[in-house]
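Asks: only geometry, no sequence info:
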DNA sequence: CTCGAAACTGAACAGTGTTTACTTTTTGAA
DNA sequence: TTCAAAAAGTAAACACTGTTCAGTTTCGAG
């Protein structure tokens, strides 16, 4: 190192730029066609490199895709974070927060589904890192728990609630709707002969039902 | 046809037997290793046929796997059906039914996850069949709706509930827990430093929270 | 026994993620 | 400026995948 600060050498910056180009191209394809549509060869084509070149920037396809997923979950985290400091009263705020989670997840259904499809990082490679992931998922969970705790403390929610368990349950319920809607393109409608349904409205409905389970 | 009834000729029976053998082998592998671990070549090896032979019995791997998934969902349907005629009072019965859905789903996590992973049969091949699937999924949903309707009619649940919407919401909430637990091998626990958690107990907890949202 | 249909197979096609050996380019110091 | 070492990039191969096709073998009814 020549000067002083942990600077970025020109080479380093150039490298980072190429890496980002690859990542951006991958993001484009992935958003439209999901993991199935994203092949290394196609990606290499898109950025005008050889397939092998990709491996100079990412250890594997999984690692590359993981980065896309993490980035997306960071957005989910940010969006529900925005709800935290809203001035609305608690019951509304909670419902809004729930709905925002699902709505944001559905901005990129392929990303969201993929985030819960890869091998659970427990069976395959256990004891790899001692503290592998405070991953965005966990942060999103922590955010939920914080909100529940506030509700319990202020008396807006049942007093006998354990914030952790309640947050887990909430998360599961929201996750389910997100997954279902990501999978069934017009979910609230279940048969073709039913009338078209408003997805947004149903998300609110679901959020309300969850909130009710915590209140009373 | 020679005699009278829609009988099964020896050839037909032999064919069915081979088909079932393949299906059984596929089931074995799939239950242990999921769709990723089930390749046509490996399956062919397992049943001592050539890979091409499989295609005399199944149009594609997807069709084969679909049969495994449908069969499994039939079991889920049967299990929650058992709860219907239980003599327990409604609130308990509902909670039991919810829990049974999740527990049965987790008997074969790979099956359950795969059932919601294949392409949503809407974007790709629309207008293929007019009435493509009253699939077991829909029947399971219908079962839930029936239960909700009973609860509303007997006054055990809120009177303003739409049975259809409520059932959808319930399904989503249960689906979420099943998916989460299928993905995270020790779900209620989120960090390795937390104490081990009882999965079964948490399923009951979740079922209770859902039920509360419908009562009061 | 015969002949057509059904069962079955080996080989290939087009695709996948990944690795290896090799060439080209860039870089930092003498 | 020169020169060697390191980094960037690549063609070709490996070991897979689902699937198809041209054949061969087996079987069952007339």
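Replies: Done, it's in. Treat the numbers as computed from the prediction; the structure is a model and nothing was measured.
Asks: which parts of chain A sit against DNA strand D?
Replies: Proximity of chain A to DNA strand D (C-beta under 7 Å from any atom of the strand) is limited to residues A:11, A:15, A:18, A:48, A:49, A:50, A:51, A:52, A:53, A:56. In this view, the C-beta of every residue, glycine as well, is placed from N, C-alpha and C.
Asks: one more pass at 10 Å, please.
Replies: Residues of chain A lying close to DNA strand D by C-beta under 10 Å from any atom of the strand are A:11-12, A:14-19, A:21-22, A:40-41, A:44, A:47-57.
Asks: now list the buried members of these.
Replies: Listed as buried from these are A:19, A:22, A:40, A:44, A:49, A:54, A:57; burial here means 16 or more other C-beta atoms under 10 Å in any protein chain shown.
Asks: hmm, the helix or strand harbouring the fourth one touching DNA strand C?
Replies: By that I understand residue A:44. Element membership of residue A:44 [criterion: DSSP states H and E] is helix A:40-47. Yes - counting by C-beta under 10 Å from any atom of the strand, contacts between helix A:40-47 and DNA strand C involve A:40, A:41, A:42, A:43, A:44, A:45.
Asks: chain A: helices as residue ranges?
Replies: Here chain A has its helices, by DSSP state H, at A:10-37, A:40-47, A:51-54, A:61-84, A:90-105, A:109-115, A:136-153, A:163-183, A:199-214.
Asks: ok, which of these comes nearest chain B?
Replies: helix A:163-183 (2.4 Å; C-beta to the nearest C-beta).
Asks: so which elements touch that closest one?
Replies: helix A:90-105, helix A:109-115, helix A:136-153, helix A:199-214, helix B:163-183, helix B:199-214 (3 or more C-beta pairs under 8 Å, 6 or more residues apart in numbering or on different chains; DSSP states H and E).
Asks: average model confidence for it?
Replies: The pLDDT scores in helix A:163-183 average 98.
Asks: picking that back up, got a markdown table for the buried ones among the residues of chain A next to DNA strand D, with distance to residue B:69 and pLDDT too?
Replies: Shown next, in a markdown table, are these (distance: C-beta to C-beta, whole Å; pLDDT from 0 to 100):
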| residue | distance to residue B:69 | pLDDT |
| --- | --- | --- |
| A:19 | 39 | 98 |
| A:22 | 35 | 98 |
| A:40 | 29 | 98 |
| A:44 | 34 | 98 |
| A:49 | 39 | 98 |
| A:54 | 33 | 98 |
| A:57 | 37 | 98 |
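Asks: could you provide those in TSV, with additional columns for distance to chain B?
Replies: Shown next, in TSV, are these (distance: C-beta to the nearest C-beta, whole Å):
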residue	distance to chain B
A:19	28
A:22	25
A:40	18
A:44	24
A:49	28
A:54	22
A:57	25
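Asks: ok, residue A:38 to DNA strand C distance?
Replies: From residue A:38 across to DNA strand C, the span is 6 Å (C-beta to the nearest atom of the strand, to the nearest Å).
Asks: my bad, residue A:202
Replies: Going from residue A:202 to DNA strand C by C-beta to the nearest atom of the strand gives 35 Å.
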